[in-house]
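>>> Okay, predicted coordinates and the sequence, questions at the end:
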Amino acid sequence: MRQVLTERRDLSEARADAILDQALTEHQSWTTALGTPPSDERAAAAWRRLGCIIAAYRDRYNITGPVPLGAPAESTAQKIDAARARTALDQARRITDAKRDELEPTRGRTKQQIAPTL
């Protein structure tokens with residue numbers, strides 16, 4: 001039984017990975033909500049795992065439109081899955097924002113917040 005469950009999990013993960021690859025290759029509009037994939041290897045791997053969670057959610061609930069999580073969830077099970085997907089989306093955005101802020105440390109700060117350099 002354990003082997004069957006492991007195989008099922010592996011197949012689900014492979015499907016989500018393929019769906020994300022296709023969406024990124026085709027520049028599907030929902031992927032822009034994920035932000036730009038980070039160039040850092042560890043951050044990129046984490047970003048991709050989160051993208052796969054969203055891709056799996058979209059696949060399971062047959063979401064085809066431009067909004068990453070589609071219409072509001074209807075069933076209790078979908079609400080639980082939507083909450084997980086929303087968390088993944090938020091985390092993917094945070095990874096992208098954190099990497100961007102590392103490259104642009106003054107982004108979003110006012111002149112008063114930035115110490116002058118002499």
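Received it, and whenever you're ready, just let me know what you need. Numbers count the residues shown, from 1 in each chain.
>>> Setting aside sequence neighbours, what's the nearest residue to the most centrally placed residue in the chain?
Most central in the chain under Cα atoms, centre = their mean is Gly51, positioned 3.3 Å from the mean C-alpha point. Spatial nearest neighbour of Gly51, chain neighbours left out: Leu20 (4.9 Å); criterion: Cβ to Cβ, 6 or more residues apart in numbering. Using the backbone N, CA and C atoms, a C-beta is placed for each residue, glycine as well.
>>> how far does the helix or strand encompassing Leu24 sit from the chain's center?
With elements delineated by DSSP states H and E, Leu24 resides in helix 2-25, which encompasses its position. Mean C-alpha position of helix 2-25 versus that of the full chain (Cα atoms, centre = their mean, to the nearest Å) differs by 15 Å.
>>> In it, which residues are buried?
Buried residues in helix 2-25, counted by 16 or more other Cβ atoms under 10 Å: 16-17, 19-20, 23.
>>> what sits against the residue nearest to Asp59 when sequence neighbours are not counted?
Computed as Cβ to Cβ, 6+ apart, the closest residue to Asp59 that is not its neighbour in sequence is Ile19, at 5.5 Å. Neighbour list for Ile19: 52, 55-56, 58-59 [criterion: Cβ atoms under 8 Å, 6 or more residues apart in numbering].
>>> Spatially, what comes nearest to Gly35 if we skip its sequence neighbours?
For Gly35, the nearest residue in space outside its immediate sequence neighbours is Thr96; the separation is 2.8 Å by Cβ to Cβ, 6+ apart.
>>> how close does Thr87 sit to Thr64?
Applying Cβ to Cβ, to the nearest Å, one obtains 22 Å for the distance of Thr87 from Thr64.
>>> sorry, back to before: which of the buried residues of helix 2-25 lies closest to Lys79?
Distance to Lys79, by Cβ to Cβ, is smallest for Ala16 among these, at 19.8 Å.
>>> and that closest one, what does it touch?
With contact set as Cβ under 8 Å, 6+ apart, Ala16 has these partners: 52-53, 55-56, 59.
>>> pLDDT score for it?
In the predicted model, Ala16 carries a pLDDT score of 97.
>>> And for Asn62?
97.
>>> What's the local residue count around it?
Neighbour count for Asn62, taken as other Cβ atoms under 10 Å: 7.
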